[in-house]
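Novice: Starting from these lines, generate the structure:
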Amino acid sequence: MKFKNCLPIVAACFVAASCGSNQSSQKLTSGLSMANLDTTAVPGQSFYQYACGGWMKNNPLPDEYSRFGSFDQLAENNREQVKGLIEKLAETTHQAGSIEQKIGDLYSVAMDSVKLNEDGYKPLTEDLQAIANLQNTEDLTAHLAQMNKYGMFPYFAIYIGADDMNSSMNIVHTYQSGLGMGQRDYYLEEDEATSKIREAYKQHITTMFELVGFTKDEAQKASKDVFDIEYRLAKAFLSPVELRDPHANYNIKTIAELSAEYPSIAWETLFKELGLDGLESIDLGQPRAMAEANALLKDMPLSAQKAYLQWNVINSAASYLSDDLNQQNFEFFGKVMSGTEKMQPRWKRAVSTVNGSLGEAVGQMYVAEYFPPAAKERMVTLVKNLQTALGERIQSLDWMGEATKVKALEKLNTFHVKIGYPDKWKDYSTLAIEKDSYWSNIKRANVWDHAEMIAKAGKPVDKDEWFMTPQTVNAYYNPTTNEICFPAGILQYPFFDMNADDAFNYGAIGVVIGHEMTHGFDDQGRQYDKEGNLKDWWTEEDAVNFEARAKVMSDFFDSIEVAPGVYANGKFTLGENIADHGGLQVSYQAFQHAIQDKKIGEVDGFTPEQRFFLSYANVWADNIRPEEILNRTKMDPHSLGKWRVDGALPHIEAWYKAFNITEDDALFVPKDKRVAIW
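Specialist: Numbering: from 1, shown residues only. Prediction:
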């Protein structure tokens, strides 16, 4: 919960090259597909339409997607590759307890539609009955521990992570949790679209209870109880913007203080059941939300709380049960919330489950097949080039004083860089995968994950641990370890092309690298020092300068109307927008260094500078459903694809020069109104 899941990047097969290397010995392409462009559009009116209009026209939205982009195409190919690796194991028998047996059997269980439909909701009956048997609040608190182990977090979540004030040590944290729709705004906003979703959710809860054996009257009563509890929690939750303040979400409490302030929760019982005996203190993430959880446990009838816990079980398990439950789950979360018209085929869902439960084991196979050591070596060179460019930009800042610059450069130079895959793989030998039921295997996998996490409490942080698997098509920055991570899946087109020249590769993968580096200096990341501690290393004047410049960014995105009457949330997306801005500036500077001694001219009618920006824009080409625009505006700290282009580039001076953008163009922003941070 502390690290940033940045850039929803997807990938296919590995392609390795070295940006900035000597490429004169081979004929390189522009890396661009002319079919992606809409040359009838004017770059200064909508660069997104100009760069991506052809792609959007040629790639209509598939029924199983709420949003489908150029990188989603690659995700499909990536998933096919992983499927091939998994199916080979599923087709043969392996020694019991071997990793091959576990991967193959979990996939086979997920694919066995006959057994899943014969079992119906029976795999849930034991879980539902255990909740029905609860006699009092202490029983309920103890059961919360069991649900946490199973991957369910009603009322609040407990997890182990670095201490923000002492980043070398792991401590226990709490986090606001327990909303079936995930985000508090779905419960609180009164616009017509959100109100309709809310009413559909209530009916969905009722239907799901009926599908697992409750009578219609029982289901309706349960639905009301569930929604009442979730609504009260939502009102107490911090907003997405408030959650971005690390100081506000860091509150050390002793166990005695917890017991005194939140007496409805049997803390000692809870921690004992979680395997945290002897705990002296925790970080209470959001006190206001915990106060409401405490009040609910005191005020609400036990029968209502049982219904709420049972709903958490039903909602968590639906994807691993029979087709009727799966379909109803999709009807709401897929169709109503995101506008998706068709559920993914079973094999895709099964691959996702295996990736989620045995991720590094699958990743080890993936790396062996698709990511040779040479690719990792070349990525190291890329990162160094971008680090150099960011350092140059920091040194040249006119709004930052020398004392802060020294600290910023120290932080930059101590980045812990992770590329491709971990040096040490997870050991899954104690995880049992059996053929009893899909849901039982999910629970066992979650219990295994939970035990691994709990074992870290009170111990030093392992800075070599990975928060993503190698096959994950994403990248991240983690402030408490001051690390940037680029899994193997990222070195693919449209982010990287060994046959393309520097203009393409710096515009795509280079911006990704710069994006993650800049997160170390965005509105959240800048609050952590080089050791990963939440510590103010800025002079007061420099902090004021930064905040003023960041406000220009948040105000600009606040003014963007993403749908009729719906505006972007510039404060919520501030960190990602700053990272896009920084990534573009840093990578463009590194790109200029890379080509200064080369003869790199026009290709396909575009200058190198134009191709840099076109390759960046092409990464974000997508088609998206109206429902998903609303969903992502509420849930996603990243701006929508269109605005990662048309919202980001008007603040980049080099883009104006490359495409001769003037004040007559719709995207033109006067210089004194542009963002100028990194």
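
Novice: in the longest helix belonging to the chain, what counts as buried?
Specialist: Counting residues, the longest helix in the chain under DSSP state H turns out to be helix 373-396. Neighbour-count burial for helix 373-396, counted by 16 or more other C-beta atoms under 10 Å, picks out 375-376, 378-379, 382-383, 385-391, 393-394. Just so you know, the C-beta spots here come from the backbone N, C-alpha and C atoms, and that holds for glycine as well.

Novice: Going by residue numbers, what spans are strands in the chain?
Specialist: For the chain, applying DSSP state E gives strands covering 4-6, 67-69, 156-163, 166-176, 252-254, 281-284, 416-420, 475-478, 483-487, 561-563, 566-567, 622-624.

Novice: Show me the one of these that comes nearest residue 138.
Specialist: Evaluated with C-beta to C-beta, the strands of the chain place strand 156-163 nearest to residue 138, the distance being 16.6 Å.

Novice: could you give the angle of the closest one to strand 166-176?
Specialist: Angle of strand 156-163 versus strand 166-176, following axes from the mean of the first three to the mean of the last three C-alpha atoms, to 10 degrees, is 170 degrees.

Novice: Give me the contact list for strand 156-163.
Specialist: With C-beta atoms under 8 Å, 6 or more residues apart in numbering as the test, strand 156-163 has contacts from 1-2, 148, 168-178, 270, 274, 282-283, 289-290, 293, 453-454, 456-457, 461, 480-481, 532.

Novice: List buried residues within those.
Specialist: Neighbour-count burial (16+ other C-beta under 10 Å) is assigned, among the contacts of strand 156-163, to 2, 148, 170-178, 270, 274, 282-283, 289-290, 293, 453-454, 456-457, 461, 480-481, 532.

Novice: tell me the mean pLDDT over stretch 511-529?
Specialist: Averaged across stretch 511-529, pLDDT comes to 96.

Novice: can you offset everything so residue one is 10?
Specialist: Done: numbering now begins at 10, and the last item shifts to stretch 520-538.

Novice: Kindly state the beta-bridge partners for the nearest residue to residue 174 once chain neighbours are set aside.
Specialist: For residue 174, ignoring the flanking residues on the chain, the nearest one in space by C-beta to C-beta, 6 or more residues apart in numbering is residue 543 at 5.6 Å. Residue 543 forms beta bridges with residue 537, as assigned by DSSP bridges.

Novice: Distance of residue 543 relative to residue 468?
Specialist: Distance, residue 543 to residue 468, by C-beta to C-beta, to the nearest Å: 20 Å.

Novice: So those two - more neighbours on which side?
Specialist: residue 543 (19 against 11; other C-beta atoms under 10 Å).

Novice: What pLDDT is listed against the residue nearest to residue 174?
Specialist: 97.

Novice: residues contacting it?
Specialist: 173-174, 255-256, 259, 536-537.

Novice: what about residue 224, neighbour count?
Specialist: By the criterion of other C-beta under 10 Å, residue 224 has 10 neighbours.

Novice: right, and residue 540 touches residue 176 too?
Specialist: Yes: counting by C-beta atoms under 8 Å, residue 540 does reach residue 176; the two are 5.9 Å apart.

Novice: The two - which one has more neighbours?
Specialist: residue 176 (24 against 15).

Novice: My guess is that one contacts residue 470. True?
Specialist: Yes: under the criterion of C-beta under 8 Å, residue 176 makes contact with residue 470 at 6.6 Å.

Novice: Which residue is the nearest non-sequential neighbour of residue 597?
Specialist: residue 663 (5.4 Å).

Novice: So what's the residue count around the one you found?
Specialist: Residue 663 - counted by other C-beta under 10 Å - has 17 other residues nearby.

Novice: if we can go back for a sec, now for residue 176 and residue 470: what residues contact both?
Specialist: 489-490.

Novice: Enumerate every residue touching residue 351.
Specialist: Listed by C-beta under 8 Å, 6+ apart, the contact partners of residue 351 are 71-73.

Novice: Could you rerun that using 10 Å?
Specialist: 71-74, 339, 343-344 (C-beta atoms under 10 Å, 6 or more residues apart in numbering).

Novice: do the same with residue 135
Specialist: Neighbouring residues of residue 135 by C-beta under 10 Å, 6+ apart: 448-449.

Novice: how close does it get to residue 216?
Specialist: Distance from residue 135 to residue 216, by C-beta to C-beta: 22 Å.

Novice: Same question for residue 460.
Specialist: Counting by C-beta to C-beta, the gap from residue 460 to residue 216 is 35 Å.

Novice: same question, residue 600
Specialist: On the measure of C-beta to C-beta, residue 600 and residue 216 end up 54 Å apart.

Novice: which of these two has more neighbours?
Specialist: residue 600 (28 against 18).

Novice: Any figure for the gap between the nearest residue to residue 645 once chain neighbours are set aside and residue 94?
Specialist: The shortest distance from residue 645 to any non-neighbouring residue, by C-beta to C-beta, 6+ apart, is to residue 582 (7.9 Å). The gap separating residue 582 from residue 94 is 36 Å, by C-beta to C-beta.

Novice: Which of these two has more residues huddled nearby?
Specialist: Shown here are residue 582 and residue 94; by other C-beta under 10 Å, residue 582 has more neighbours (27 against 18).

Novice: correct me, but that one touches residue 590?
Specialist: No: applying C-beta atoms under 10 Å as the test, residue 582 and residue 590 come out as separate, 11.6 Å apart.

Novice: Give me the common contacts of these two.
Specialist: With C-beta under 10 Å, 6+ apart as the test, residue 582 and residue 590 both reach 562, 656.

Novice: so where's the stretch 510-659 of the chain shaky on pLDDT?
Specialist: By pLDDT under 70, the stretch 510-659 of the chain has no low-scoring segment.

Novice: ok, which stretches of it are helices?
Specialist: Ranges of helices in the stretch 510-659 of the chain, per DSSP state H, counting those that start in this stretch, are 511-514, 520-527, 549-567, 583-604, 617-628, 635-644, 652-655.

Novice: Mind checking those helices for the one nearest to residue 429?
Specialist: For the helices of the stretch 510-659 of the chain, proximity to residue 429 was assessed by C-beta to C-beta; helix 520-527 is nearest, at 13.5 Å.

Novice: Which positions in stretch 535-554 come out as buried?
Specialist: For stretch 535-554, by 16+ other C-beta under 10 Å, it's 535-539, 541-543, 546-547, 551, 554.

Novice: just how off-centre is that stretch within its chain?
Specialist: Taking C-alpha atoms, centre = their mean, to the nearest Å, one finds stretch 535-554 lying 25 Å from the centre of the chain it belongs to.

Novice: likewise stretch 133-144?
Specialist: 33 Å.

Novice: Just the buried positions in that stretch, please.
Specialist: 133, 136-137, 139-140, 143.

Novice: Repeat that for stretch 209-226.
Specialist: Counting neighbours by 16+ other C-beta under 10 Å, the buried set in stretch 209-226 is 210, 213-221, 223.

Novice: what does stretch 423-440 give?
Specialist: For stretch 423-440, by 16+ other C-beta under 10 Å, it's 424, 426-431, 435, 437, 440.

Novice: one step back: quick one: which of the buried residues of helix 382-405 is nearest to residue 610?
Specialist: Nearest member of the buried residues of helix 382-405 to residue 610, counting by C-beta to C-beta, is residue 394, at 21.6 Å.

Novice: my read: the closest one touches residue 604, true?
Specialist: No: here residue 394 does not reach residue 604: they are 12.0 Å apart, not a contact under C-beta under 10 Å.

Novice: Pretty sure residue 672 sits against residue 659.
Specialist: No: here residue 672 lies out of contact with residue 659, judged by C-beta under 10 Å, at a distance of 11.6 Å.

Novice: Overlap of the contact sets of those two?
Specialist: 53, 678.

Novice: Between those two, tell me which one has more neighbours.
Specialist: residue 659 (21 against 8).

Novice: Give me the contacts around stretch 206-213.
Specialist: Contacting residues not belonging to stretch 206-213 are listed as 189-190, 195-200, 229, 232-233, 235-236, 239-240, 324, 337-338, 340-342, 344-346, 636, 639-640 [C-beta under 10 Å, 6+ apart].
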